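# how would this look folded up:
(2 chains)
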Number of protein chains: 2
Amino acid sequence: MESGIRMWIVGTVGIDTITTRNGRFEKQLGGSVTYAGAASSFFTKVGSVGVVGNDFPDAFMERYLKLGMDVAGIQFEQGPTFSWEGVYEADMVNRRTIRTDLGVLENFAPQLPESYRDAPFVLLGNINPDLQLHLLDQARGARFVAVDSMDLWINCARDKLVEVIGRSHLVTLNDSEARQLTGCFNLRHCAAALFDMGVEYVLIKKGEHGALLFSRDGLAIIPAYPVQEVRDPTGAGDTYAGAFMGYLAEHDAVDTPTLRQALLHASAVAAYGVEDMSTTRLEGLTRADIDSRARELRAMTAL
Amino acid sequence: MESGIRMWIVGTVGIDTITTRNGRFEKQLGGSVTYAGAASSFFTKVGSVGVVGNDFPDAFMERYLKLGMDVAGIQFEQGPTFSWEGVYEADMVNRRTIRTDLGVLENFAPQLPESYRDAPFVLLGNINPDLQLHLLDQARGARFVAVDSMDLWINCARDKLVEVIGRSHLVTLNDSEARQLTGCFNLRHCAAALFDMGVEYVLIKKGEHGALLFSRDGLAIIPAYPVQEVRDPTGAGDTYAGAFMGYLAEHDAVDTPTLRQALLHASAVAAYGVEDMSTTRLEGLTRADIDSRARELRAMTAL
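Prediction:
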C-alpha cells in the first residue's frame, strides 16, 4: 500500500441549494462523499470516488485538497454536477426535496484508482447500489466494508441494495430508512432483519437522538452531542458514517472498544458539522477540537 | 419521622381507557400518582396524595398496597374517579385524547397527611398547579422538590405553573412540553429559560430517546433502554420521574453520581413499565430486576 490510502469512499458530489430559517443558500458544496470524506480526513488518509461536471468550481476541489482528501477517484465529465435543493422546516430536522438533478451522475461508470485497491476500509456512501456493487468488485484489499443508503434506493433498487448489504460487514441507515427497508418498526427488530441480510454490524443513526450499533453480541448506544445551534443538518448522516469509519481505519481495528470510541468521535464530528453550512465548520476544525468534544460527550454520558 | 415516609407524590388517580394496535383496554388503573408511586415504591417508602371516587375498585387500592405505597393521602369522595381515554398510533408514541372526565378531581382540596409532612423528598406530579402549590405550603420538611406538568396546565395555568417551578429544585417535562412552556426549540435554550424561572435542575424526558438532566454545572445524558415491544406507553414519563426521585430518596442525596444513577435506574424502570398495560409489569418486578436492567443499560453506554 505505497499510496498510503487506508480507506476510500464512494458517493455523490453535489452542488446544493439549501433553505433554512436563516435564508436560502445557493451553490453549497455537498454530496455524500463530500461530507463523509471531510469527516474521515481527520483520522485517516482517505480516497474519494465520485463524479463532477464542468460547472464544478476549482475552489470546491481545493477544499477537498485542503482537508487532505485524495481526489484521484474523482472523475470529471462534460455536463452539470449532481445537484439537490431542499427546504428545512423550523425544527431543522424535517425537510422536503425541491429538486434533484442527476447531471453527470446519470452515466457515471466509476473506476477505482489503482492506489485505492488495497485499502482495507471501504465506505460505500449513499449512491446508486449498482455503482456500489461495481466498485466493491474492484476492492481487492477490502477487509471492512460499510454501506450507507437512502429512501430513494430502498424504493427503486431494493434488491440491489440488499445484495450490497449482504456483501458488506456493516450497514448504516437512519431510523426511518431502517424501518422502510425492513418493514419493522421497533429498531431491535429492524436490526434483526438487517442481520438476516448477511451483515455483521447494524449502525442506526437517529440524528439529534444519537445512534445505536447492533452487533451479534450486543448493543452500543451513543447519544448525540447537544448542539447549541443547528445551521445546516445536510449530510450529518454521511458525516457520522465517514468519521466512524475513519476512526476504525486510523486504529486498524473493529473490536468492541474501538467501535465504541468510533461512535463517540463520530458524534463529536457530526455535531460540529451541523453548526455551519456545507462542510465549512469541518474545514475549520483540528483533531484536538474533535477529541475535546468527544471527551465532553463522554463526560455527559458517564455513569 | 416516625412514619418512615421519605417521599410523597401528589398527582391524578385515573381509570383509563387505552386503545393501542393490540385492542381497546377499559378500566385501566392510571394517573400520575399511580405510575410515579409504583415506580418509586422499589426505592423508598412513598406516600400518595390524590383523590378517588366511589367507583374506584377495591382491587385498585389493593394494588397500591401490594406495591408498598402508603395511601393515607388518598381521599375518597362521592362521584366518579378522574378518567382519561386515549388512542395510540401504530408508532406507540403519538396519541390523541378522546375524553378527559375530571370527576372528583374538580373539587379536590388535598390535605397533606401529618405523617408525610416531614418527608425530605417531594414529587409534585402532573396535576393542577394550584393543588401543587397548596400542598407545597404544607410540606414543612421538604428538602428536594421536583415538579412535573403537562400541556394542559402550560396552556391554561401557565403563571401558576411558573410559580411552582420557582419554588421547586427540579422541573421535569418532556421535550415538547419544555418547548411549549419556554417558547424555545433547542433543548439547551429550553433549559436556560427554565433555570431563569428559579429552578436548579431541569430533567427533560424524550421517551424512547432517553433523557437529559441539566444542572448549573453540566449536563448528563442517559439513553432509553431499548424495549423489545411497547404495549402501553401511558404514564412512562410519570414512571420515569417517580423512579428518579425514589432513587434519590433511597440514597438521601442529590450529588452528581447519585443523580446519574437515578437517571439510569429511572430508564430501567420506565422501560419495564411500557411492556404491559397500566402498572401491571411494574407490579411483577423485583428490585433485582431493576438493577439487572440498569446494569445492562450501563454496559450499552460504556465508553
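# three-state assignment of the residue of the stretch 51-200 of chain A found nearest chain B?
The minimum distance from the stretch 51-200 of chain A to chain B, using Cβ to the nearest Cβ, falls at residue A:188 (5.7 Å). For the C-beta atoms, the positions are set from N, CA and C on the backbone; glycine is no exception. Three-state call for residue A:188 (DSSP: H, G, I helix; E, B strand; the rest coil): helix.
# let me see the contact set for it.
A:214, B:226, B:228 (Cβ atoms under 8 Å, 6 or more residues apart in numbering or on different chains).
# hmm, try it at 10 Å
When contacts are counted by Cβ atoms under 10 Å, 6 or more residues apart in numbering or on different chains, residue A:188 is found next to A:202, A:204, A:212, A:214, A:219, B:226, B:227, B:228, B:229.
# pull out the buried members of those residues.
A:202, A:204, A:212, A:214, A:219, B:226, B:227 (16 or more other Cβ atoms under 10 Å in any protein chain shown).
# make a markdown table from the residues you listed and add distance to residue B:21 and pLDDT to it.
Listed next are the buried ones among the contacts of residue A:188 as a markdown table, based on distance: Cβ to Cβ, whole Å; pLDDT from 0 to 100:
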| residue | distance to residue B:21 | pLDDT |
| --- | --- | --- |
| A:202 | 25 | 98 |
| A:204 | 22 | 98 |
| A:212 | 23 | 98 |
| A:214 | 24 | 98 |
| A:219 | 25 | 97 |
| B:226 | 19 | 96 |
| B:227 | 15 | 96 |
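# pLDDT at the residue most central in space within chain A, what is it?
Centrality entry for chain A: nearest residue to the mean C-alpha point is residue A:238, 2.4 Å, by Cα atoms, centre = their mean. In this model, residue A:238 is scored at 98, pLDDT.
# can you give me the strands in the stretch 101-250 of chain A?
A:121-124, A:144-148, A:170-174, A:201-205, A:211-215, A:218-222 (DSSP state E, counting those that start in this stretch).
# pick the most deeply packed of these.
Comparing these by mean neighbour count (mean count of other Cβ atoms under 10 Å in any protein chain shown), strand A:121-124 ranks first with a mean of 30.
# how about the residue nearest to residue A:125 when sequence neighbours are not counted, what does it touch?
Distances taken as Cβ to Cβ, 6 or more residues apart in numbering or on different chains place residue A:11 nearest to residue A:125, at 2.9 Å, with adjacent residues excluded. For residue A:11, the contacting residues are A:31-37, A:48-50, A:123-127, A:131-132, A:148, A:235, A:238, A:241-242, by Cβ under 10 Å, 6+ apart.
# just give me the neighbour total for the residue of the stretch 101-250 of chain A found nearest chain B.
With Cβ to the nearest Cβ, the shortest gap between the stretch 101-250 of chain A and chain B falls at residue A:209, namely 4.0 Å. Applying other Cβ atoms under 10 Å in any protein chain shown, we find 18 residues neighbouring residue A:209.
# what does the stretch 51-200 of chain A have sitting close to chain B?
A:90, A:91, A:92, A:175, A:179, A:185, A:186, A:187, A:188, A:189, A:191 (Cβ under 10 Å from any Cβ of the partner chain).
# ok, the last one - how many residues close by?
Which is residue A:191. 25.
# does it touch residue A:179 like I think?
No - the criterion here is Cβ atoms under 10 Å, and residue A:191 misses it with residue A:179 at 11.2 Å.
# quick one, what contacts residue A:69?
With Cβ under 10 Å, 6+ apart, residue A:69 has these contacts: A:9, A:33-34, A:37-38, A:40-41, A:45-48, A:61, A:63.
# among those, which one sits closest to chain B?
residue A:40 (20.3 Å).
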